[in-house]
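1. Take a look and give me a structure for this.
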Amino acid sequence: MEKVSVKNMVCNRCVIVVTQQVKKLNLGLQKVTLGELIFEHNITAKQKEQVRNTLMSFGFEVIDDEKTRITERIKHIIIDLVHHQEKELNNNLSDILSTDLNCVYNYLSGVFSEITGSTIQKYYIAQKIERVKELLDYDELTLSEIADCLNYSSVAYLSNQFKKVAGLAPSVYKQQRQGKRTSLDKL
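-> Numbering: from 1, shown residues only. Below is the predicted model:
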C-alpha cells in the first residue's frame, strides 16, 4: 500500500474529481480522502509522475515535502471539523490535531506557521467565518443557532470575530448578500 498526499483538495467534489481522474490511470487506486490517495501497491516514480500530471491539470498538486504534507493534513482536519461535522467539539483544537496527527501540538503549530506564514488558530477562525457566511447565505438558521452550531460562547463573540475577519457585522453581510465568499483553498 502506498499513500500519496495531494494539495488543494478542499471538498467532496475534489475527492470525486480526483477519484475519477486517477482511476483512469489504472494504478490500483484503493481510496481517496481529502488530501490523500491510497494505492493498493507501491507505485513507481513514473506512475507517480503520471498522477502528478493528471492532478495538475485540475489544479491539484502532489506533495513530496513532509512539512507541506503535515500542513495540508492540518488544513483538511480543520475543514472537516468546521464544514462537515455537525456536532459539538468535545476537545480543543490542539488536542484534536495532536491526536489525529500523533504529534506534539507545538511542533504542528511551528510547521504550519513556517509553511503558511500564519497560525493554525487564524486558519481555524477563517474557516469558521467562511462557514458562518455559508450558513447566513442559506438563511435557515438564526445567528444564535449558528453560534451554537460552531461552538461560539455567545452571539456577541461570533459577531466580533466575524467583524474582525470579514470587515463587517454578520447582519450587514446578511443584508448585502454578497455571495462572494472566499474559496476554501484560498484561505
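
2. how close does Val10 get to Phe60?
-> Between Val10 and Phe60 the distance is 10 Å, computed by CB to CB, to the nearest Å. Where you see a C-beta, it was placed from the backbone N, CA and C, and this is true even at glycine.

3. Arg13 now?
-> Per CB to CB, Arg13 is found 12 Å from Phe60.

4. Of these two, which one has the most company?
-> Set Arg13 next to Phe60 and count neighbours by other CB atoms under 10 Å: Phe60 wins out with 22 against 9.

5. which SSE is the spatially closest residue to Val155 that is not a sequence neighbour in?
-> Nearest residue to Val155, sequence neighbours excluded (CB to CB, 6 or more residues apart in numbering): Ala147, at 4.9 Å. Taking DSSP states H and E as the criterion, Ala147 maps to helix 143-149.

6. mind checking how far Gln50 is from His41?
-> For Gln50, the distance to His41 - CB to CB - is 15 Å.

7. ignore the last one, Tyr173
-> Distance from Tyr173 to His41, by CB to CB: 49 Å.

8. between the two, which one's more packed in?
-> Tyr173 (20 against 11).

9. Next, the more buried one: phi, psi?
-> For Tyr173, the backbone dihedrals are phi -60, psi -50 (criterion: degrees, to the nearest 10).

10. Looks like it contacts Ala166 (just checking).
-> Yes - counting by CB atoms under 8 Å, Tyr173 does reach Ala166; the two are 6.2 Å apart.

11. secondary structure class for Lys31?
-> strand (DSSP: H, G, I helix; E, B strand; the rest coil).

12. neighbours around the residue nearest to it when sequence neighbours are not counted, how many?
-> Leaving aside its chain neighbours, Lys31 sits nearest to Ile38 (4.4 Å; criterion: CB to CB, 6+ apart). Around Ile38 sit 14 other residues, with neighbours defined as other CB under 10 Å.

13. Right, I'll call it a day here.
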